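A.B. asks: How does the following fold in three dimensions:
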Amino acid sequence: MSVHVTHDGPVCIVTIDRPDVRNAVDGPTAVLLAEAFRAFDADDALAVAILTGANGTFCSGADLKGISDGRGNRVERDVELDGPMGPTRMLLNKPVIAAVEGFAVAGGLELAVWCDLRVASDSAVFGVYCRRWGVPLVDGGSIRLPRLIGQSHALDLLLTGRGVSGEEAVRMGLVNRSVPAGTALAAATALAHEIAALPQGCLRNDRRSSFEQWNLSLADALANETKLGLDTIMSGETLAGAARFAAGEGRHGATS
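C.D. replies: Numbers count the residues shown, from 1 in each chain. Model (predicted):
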């Protein structure tokens, strides 16, 4: 199998494993990735997912060689269908963290920026390498990059095709956590467990508001935030949290 799924308590780890092509994604692999994240989203026992790549590489993009033998990535106009790289047109109800070692380029970059957060090795490389071959971004890269890191930084990557790594990737806002080489998955797993330990209803509603506001006016976005916030309050989660705080838990910024 080119995609492996393992569970670590409430954390789901999805690993691309095609070492002979630096974890490039062909059509069948894209289907497996979409299925893996669909299953994660539907499983109430799982709170956070991690997307990573085996053997020191995150993902080198679409497998262009697969086009010649019928394994090409499917590109459809209907955005209700899965993306060419698999899950990139999905808006999940739960967060996903990219654990990045080595290259996250072309479609691999698009997978990384589809994730909510990116924990990356200080030697990881991000870039729109497909620029060099006339291959377009069709997995949300030209949309998510500007939203994530701003138009100026995004155009620097989109127009040049150059790679960025280390401190520059952090400074751009492309990387949330920079860690020593070989430790990205461990760091991402620790972060995932931290997130999974938080009150999930509130976390997911606030996350949902942050995504849904892009298509709304300010007034409508505020109304939507309030609606989702009231849903959280009415669930009882807020009252339970207030009671824990009143009992002395979490004072002075402690997480527990």
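
A.B. asks: for the stretch 51-200 of the chain, what spans make up the helices?
C.D. replies: 107-114, 141-149, 151-160, 166-172, 184-196, 200-212 (DSSP state H, counting those that start in this stretch).

A.B. asks: Figure out which of those helices is closest to residue 226.
C.D. replies: Nearest of the helices of the stretch 51-200 of the chain to residue 226, taken as C-beta to C-beta: helix 200-212 at 9.2 Å. Bear in mind the C-beta positions are built from the backbone N, C-alpha and C, glycine included.

A.B. asks: Give me the helices and strands touching that closest one, please.
C.D. replies: helix 218-234, helix 237-246 (3 or more C-beta pairs under 8 Å, 6 or more residues apart in numbering; DSSP states H and E).

A.B. asks: What residues of that helix count as buried?
C.D. replies: Neighbour counts over helix 200-212 (16 or more other C-beta atoms under 10 Å) mark 200, 202-205, 207-209 as buried.

A.B. asks: and residue 118, how far is that from residue 102?
C.D. replies: Residue 118 sits 13 Å away from residue 102 when distances are taken as C-beta to C-beta, to the nearest Å.

A.B. asks: So if I had to pick from those two, which one is more boxed in?
C.D. replies: Neighbour count, other C-beta atoms under 10 Å: between residue 118 and residue 102, residue 118 has more, with 27 against 22.

A.B. asks: so that one sits right up against residue 170, yeah?
C.D. replies: No. Between residue 118 and residue 170 there is no contact under C-beta atoms under 8 Å: 9.9 Å.

A.B. asks: picking up where we left off before, same list, the helices and strands packed on helix 200-212, but as JSON lines with mean neighbour count, distance to residue 134 and mean pLDDT please.
C.D. replies: As requested, these are exported to JSON lines (neighbours: other C-beta atoms under 10 Å; distance: least, C-beta to C-beta, whole Å; pLDDT from 0 to 100):
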{"stretch": "helix 218-234", "mean neighbour count": "13", "distance to residue 134": "38", "mean pLDDT": "95"}
{"stretch": "helix 237-246", "mean neighbour count": "12", "distance to residue 134": "50", "mean pLDDT": "86"}
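
A.B. asks: Which of those helices sits closest to residue 193?
C.D. replies: Closest approach to residue 193 among those (C-beta to C-beta): helix 237-246, 19.0 Å.

A.B. asks: Compute the inter-axis angle for the closest one and helix 200-212.
C.D. replies: Here helix 237-246 points in a direction 120 degrees away from that of helix 200-212 (axes from the mean of the first three to the mean of the last three C-alpha atoms, to 10 degrees).

A.B. asks: per-residue pLDDT, the residue lying closest to residue 11 once chain neighbours are set aside?
C.D. replies: Nearest residue to residue 11 in three dimensions, chain neighbours excluded: residue 192, at 4.4 Å (C-beta to C-beta, 6 or more residues apart in numbering). Looking at residue 192, its pLDDT stands at 98.

A.B. asks: For residue 192, grab the count of nearby residues.
C.D. replies: Residues lying near residue 192 (other C-beta under 10 Å) number 26.

A.B. asks: hang on, isn't it packed against residue 97?
C.D. replies: Yes. Residue 192 is within contact range of residue 97, at 5.7 Å (criterion: C-beta under 8 Å).

A.B. asks: which neighbours do those two share?
C.D. replies: In terms of C-beta atoms under 8 Å, 6 or more residues apart in numbering, residue 192 and residue 97 are both contacted by the residues 48-50.

A.B. asks: Looking at the residues you listed, state which has the most neighbours.
C.D. replies: Neighbour-wise, these (other C-beta under 10 Å) top out at residue 48, 29 neighbours.

A.B. asks: what residues are up against the nearest residue to it once chain neighbours are set aside?
C.D. replies: The shortest distance from residue 48 to any non-neighbouring residue, by C-beta to C-beta, 6+ apart, is to residue 192 (4.1 Å). For residue 192, the contacting residues are 11, 47-50, 97, by C-beta under 8 Å, 6+ apart.
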